[in-house]
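[1] task: produce atomic coordinates for the following.
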Amino acid sequence: MPLRLLVLGPGKTGSLVAEVARERGHAVQMVDVDVNRDGAWLTPEHLRDFDVVIDFTAPEAVLANIEACVRAQKAMVVGTTGWYGEMDRVRQAVEQAGTGFVFAANFSYGVNLFFQIMKAAAPALTHGYSSHITEIHHIHKKDAPSGTAAAMQRLLEQAASVRVDISSEREGEVPGTHTLELESAGDRIVLTHEAKSRRTFAEGAVLAAEWIVGKAGFYDFKDIFGQL
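    Down below sits the predicted model:
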């Protein structure tokens, strides 16, 4: 079913989201930060005819956007990171409003498979292995560590009750490389996911928008990607 989507953040990823959505037959409108400072453009009147709002803005902008969309009872897909310290408050607001919300540190299908592999490897942390996470991104990325690296850290902490340190590097135009190293006295395991293009993030975000229509609740993409 064709949807009407509003994309916030006409940067490289947001522009790809719009491109992928149009390829899939959806109508797309984009709103720039200059028009939408502090979520000012996101009024119930402006949002009335949109099915889903997709946010790929910046950490300093995303919370105001979320709050405005929740007030307007509009479904959201949020790929912006840097707001997870407010996750409990956002979850409560979404649930009270009865809206639909999907977020992800990374909408790549491959990264979410990578998370499953990591979860299977996590018991090594309770069997004498030390561990470290390294993430490498382009020089334009504003938050560090990346949301994906933070998600890796949370996953390992939940699975093995061990908090793993993260190193962040910024170089060139790297879309995103994440590595988990597990090392014991006798061997070393290295798990790496390397994104070759931002398109994989855009495709996942559009699939999430298609999925959330007509649903209520607060969802992490890694928990629902198998249903897409």
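
[2] what about V190, which SS state?
    Using DSSP: H, G, I helix; E, B strand; the rest coil, the structure places V190 in strand.

[3] nearest spatial neighbour of it, chain-adjacent residues omitted?
    Of all residues not flanking V190 in the chain, E181 sits nearest, at 5.4 Å (CB to CB, 6 or more residues apart in numbering). Using the backbone N, CA and C atoms, a C-beta is placed for each residue, glycine as well.

[4] other residues contacting stretch 9-17?
    Stretch 9-17 is touched from outside by 7-8, 18, 30-33, 54-58, 61, 79-80, 198-199, 201-202, 205-206, with contacts defined as CB atoms under 8 Å, 6 or more residues apart in numbering.

[5] so of these, which ones are in helices?
    18, 61, 199, 201-202, 205-206 (DSSP state H).

[6] just give me the closest of those residues to V102.
    A205 (8.6 Å; CB to CB).

[7] do you know how far that closest one is from L125?
    Distance of A205 to L125, computed by CB to CB, to the nearest Å: 31 Å.

[8] for the two, indicate the residue with more neighbours.
    A count of neighbours by other CB atoms under 10 Å puts A205 above the other of A205 and L125, at 30 against 19.

[9] before we move on, the earlier item: who wins for neighbours among the ones in helices among the contacts of stretch 9-17?
    A205 (30 neighbours).

[10] list the residues that contact it.
    17, 54, 56, 77, 79, 104, 107.

[11] which of those sit farthest apart?
    Farthest apart among those - using CB to CB - are V17 and A104, which lie 12.6 Å from each other.

[12] list residues touching both of these two?
    Contact criterion CB under 8 Å, 6+ apart; residues shared by V17 and A104: 79, 205.

[13] what about the closest residue to S131 other than its chain neighbours, neighbour count?
    Closest residue in space to S131, ignoring its immediate chain neighbours: V164 at 4.6 Å, by CB to CB, 6+ apart. Number of residues near V164 (other CB under 10 Å) recorded here: 21.

[14] which residues touch V164?
    Here V164 is in contact with 125, 131-133, 152-153, 156-157, 180 (CB under 8 Å, 6+ apart).

[15] buried residues in stretch 40-54, which are they?
    Neighbour-count burial for stretch 40-54, counted by 16 or more other CB atoms under 10 Å, picks out 41-42, 46-47, 50-54.

[16] dump these into CSV; add distance to A216 as well.
    Formatted as CSV, the buried residues of stretch 40-54 follow (distance: CB to CB, whole Å):
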residue, distance to A216
W41, 24
L42, 19
H46, 22
L47, 17
F50, 17
D51, 14
V52, 13
V53, 15
I54, 18
